[in-house]
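J.: this one's sequence-less:
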C-alpha cells in the first residue's frame, strides 16, 4: 500500500466517505425486513432484503479502523469518519469518550497548544506564499512568526500575553495541584491565530487565502451522538450509587457538547434524561448564527433577555444547528424542569424561577423594564427538521405547545403519547411547517374534530406520506365515523395517493369507508388496522386487492370477528370462534386470495406463465392468542416473535431480491434461512426485529418505515403500546 501515498487526500477521503455511507440504512427504499448479518455480497438494486441494502454499523466501523493502520494518509482520511457517529453504550466507554474529546486543559497545555498552532500557521502561510512565488526559508519563517506574534499581542488580542511568552522555568511535576485554568478555550485560540495569519497575509500578499487551523481534538468530526444503547443495568450498583455516583451527568454532557461544533443529530433516552439540564438544552438548541433567523431582531441586541455569557454566544454562533433531536421517553424531573425553564426564558420571554432574593427581584425588574423598549419576537430554530417526543408524558401542554411551534422547518414530528392539545394542531396548521411524517398515537387530549381539521385543511399536513393515528383498547382514537369519513375523502394525504405508511388502529373503519370512500393508495406499504373488532376479513382483502395492492405489512391485532376468538358474541360467554376456525379463516379469506397466484391453465399453450399474486402482502401482525392458535404455521408461513409482546405471521419464502419481490424462495436461499432462524428463535432476538414500527426513526430521517435497535428498537417493535 505504499503507492497509496501518491493518491491525493481528497480521493482517500471520498473512499472512506463511501465506506461510512455503506453502513447507513437507505432512507426511501427500505426493504422493511430486519437487517441480515453476514457476507451476502452487494445489492444490485433497491429495495433489497438479500443481499442487505447496507452493511451493519460494526462492519463499516471495523473497515475504517483497519484503513487507519495502513499509513498516515489513510489514517487522516478515515479518522473523521470513525468519529462521525458516536453511540454511547457502556458507562466506562462514556467516561473514556468524554476524556478523549474534552481532556483537561491547564495553562501549560494551553501554552503548548499556542506554540504548536503558531508553528502550524507559519507553515501554512509559507506554503501559500510559495504558490505565488514568494521567498521561503528559515528567515522567511522567522519573519512570519514575528508578524503573527505582533498581531496577537495587539491591545485587542484575545490570547493572554503569558501564553505567548511563557516563563522560562516551570515546576515539571505533573502531580502538583493546579488551579483552574483561566486560558481561553481552544476554539478561541485557533480562531485568533487564524485571523492573525490572514491579517498579516492581507498586508503582505493581498488576495492570498491561508487555510484556517483546526482543533486537533476529534470533537469537530462528530455529527451524530445518541444514548440509544446506554444501560447501567447489571453493574451491581446499589440505589445509593445510582443516585450519588452517576455516569452521565449534566456537567459531563454539557462539557462534551461544547467540544462538538458540528453536531447535527442528538438522541436521548430515559436512562440518562436526568442529565438533560438547562445548560445542556442551551448547548443543544442555542446554536448557529443569529443572522440565520435565530433570536430577536438585531436592532435591540443589547437588550436581549437571553441571559448568556458573551463568550458562549460567540462560540455557539460558529456551531452548526441541530437537524434532528430525539427525546423519546425522557420524563425525569430534571428534564421537565429544564425544558419548562428553557421555554419560559427563550421562547415565551417570561421571568425564570426566582430565588426570592432582593438582588434577583431587582434584576428581573430591570429585565422587565428593558423588555418594554423592544418588540417581543419569539425565538425560533429554523435548522431543526426532525423532532421526536414520543412518550414525553410529563411535559405540560402549556410548555409543549410553544416548544413545538418554535421549529418552523419540521418535516418529521412524533408526538405519540404526549399531552398534545387541539390548540397545538391548530397553531401548527397555520405555520410554515410542511410535514412528511406525523405520529399522533395514543394522544388522549386530542379531539376527533381537531385531527380532522388539521389533516383536511392545514397546509402543514398536505404532503404527509407517513401517518399514524394508532390507538388501542386502553387509549382508543378519538376519531368518530363522520370525522374519519371526511378525513379519508378530503384529506390531501389520502387523496394524493402518496401515503406509504398508515395506521388507523382502533378507528371506526367500516366496509363502506374502505371500498367506496377511500381512493387508491398505490404507494402504501405498511397498514395498521388493529383493534377494529367488527371489520370483516373479506372486506380487508377486497380493499387490499382493489385499492392498496402494494401493502406488504398488515396489522390485525384484535381485529375481525373471524380472528378475535376471545371476545363474546351476542350471547354472554359464547366465543366467536375456535382456534382452528381462526386459522382457517385467515388462510382462506386473506392469505389465499391475496398471496397465492391465480390458477392458469396450460392446455392451450406450451409455455407456462405464472401470474403474480394479486398483492404483495407477506407479513401479518396478530394478537398473541391468535398466534398461539396457529401453532407452527402452514407451509412457508411461520410465526416470528419480537423481543417483547408483539408477533407476526410471516411468509418466510418471500422477500426483496434484486429490487423484485419474489415468493417461493428455495429452502437454501439466504433470506429464507434468515427468516427461519428468526422463527426458530421464539422471541430470543434483538430489539430491532419486527415490522410496522410504532416509533418514528428521527436521527437518520427514515421516518415510520425506518429500522432501529437498542431502546428505540424496543419502543418500535417490542412494546405492545
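T.: Yep, it's here. Just so we're clear, the structure is a prediction, and the values are computed from it rather than from any experiment. Numbers count the residues shown, from 1 in each chain.
J.: where along the stretch 351-500 of the chain do the helices fall?
T.: 358-371, 397-405, 422-429, 448-457, 481-490, 492-495 (DSSP state H, counting those that start in this stretch).
J.: what's the neighbour count on the spatially closest residue to residue 587 that is not a sequence neighbour?
T.: Take residue 587 and drop its neighbours on the chain: the residue closest to it by C-beta to C-beta, 6 or more residues apart in numbering is residue 634, 6.3 Å away. No exception for glycine: its C-beta is placed from N, CA and C like everyone else's. Neighbours of residue 634 under the rule other C-beta atoms under 10 Å: 13.
J.: Now do the SS call for residue 584.
T.: Three-state assignment for residue 584 (DSSP: H, G, I helix; E, B strand; the rest coil): helix.
J.: quick one on the thing from earlier: among the helices of the stretch 351-500 of the chain, which one carries the weakest average confidence?
T.: The minimum mean pLDDT among these belongs to helix 358-371 (a mean of 47).
J.: hang on, isn't residue 259 packed against residue 102?
T.: Yes: in this structure, residue 259 is within contact of residue 102 by C-beta atoms under 8 Å, at 5.4 Å.
J.: Looking at these two, which is more packed in?
T.: residue 259 (21 against 17).
J.: Now name the helix or strand holding residue 638.
T.: strand 637-641 (DSSP states H and E).
J.: residues contacting residue 641?
T.: 627, 647, 648, 681, 682, 683, 685 (C-beta atoms under 8 Å, 6 or more residues apart in numbering).
J.: Buried only: go through those residues for me.
T.: When these are checked for burial by 16 or more other C-beta atoms under 10 Å, the buried set is 627, 647, 648, 683, 685.
J.: Low-confidence stretches in the protein?
T.: 1-5, 104-198, 200-215, 233-245, 289-309, 350-377, 565-577, 599-609, 721 (pLDDT under 70).
J.: domain assignment for it?
T.: Following automatic domain parsing, the chain resolves into domains at 2-82, 107-158+185-216, 221-232+244-487, 525-596+611-721.
J.: I'd like those as a markdown table, with distance to residue 90 appended.
T.: Converted to a markdown table, the domains of the chain look like this (distance: least, C-beta to C-beta, whole Å):
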| stretch | distance to residue 90 |
| --- | --- |
| domain 2-82 | 15 |
| domain 107-158+185-216 | 26 |
| domain 221-232+244-487 | 8 |
| domain 525-596+611-721 | 13 |
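J.: returning to what we had before: overlap in contacts of residue 259 and residue 102?
T.: 217, 219.
J.: Could you look up the SS state of residue 627?
T.: With three-state DSSP as the criterion, residue 627 reads helix.
J.: if I pick the spatially closest residue to it that is not a sequence neighbour, what's in contact with it?
T.: Nearest residue to residue 627, sequence neighbours excluded (C-beta to C-beta, 6+ apart): residue 647, at 4.7 Å. Contacts for residue 647 (C-beta under 8 Å, 6+ apart) come out as 621, 622, 624, 627, 639, 640, 641, 683.
J.: For the residue nearest to residue 587, give me phi and psi.
T.: phi -140, psi 120 (degrees, to the nearest 10).
J.: what's the distance between it and residue 647?
T.: 16 Å (C-beta to C-beta, to the nearest Å).
J.: contacting residues around residue 469?
T.: Here residue 469 is in contact with 440, 441, 451, 477, 479, 503, 504, 505, 507 (criterion: C-beta under 8 Å, 6+ apart).
J.: And for residue 582?
T.: 562, 563, 565, 626, 629, 630.
J.: if we go to 10 Å?
T.: 537, 560-565, 576, 622-623, 625-626, 629-630 (C-beta atoms under 10 Å, 6 or more residues apart in numbering).
J.: Kindly report the same for residue 635.
T.: Per C-beta under 10 Å, 6+ apart, neighbours of residue 635: 587, 591, 596, 651, 652, 653, 664.
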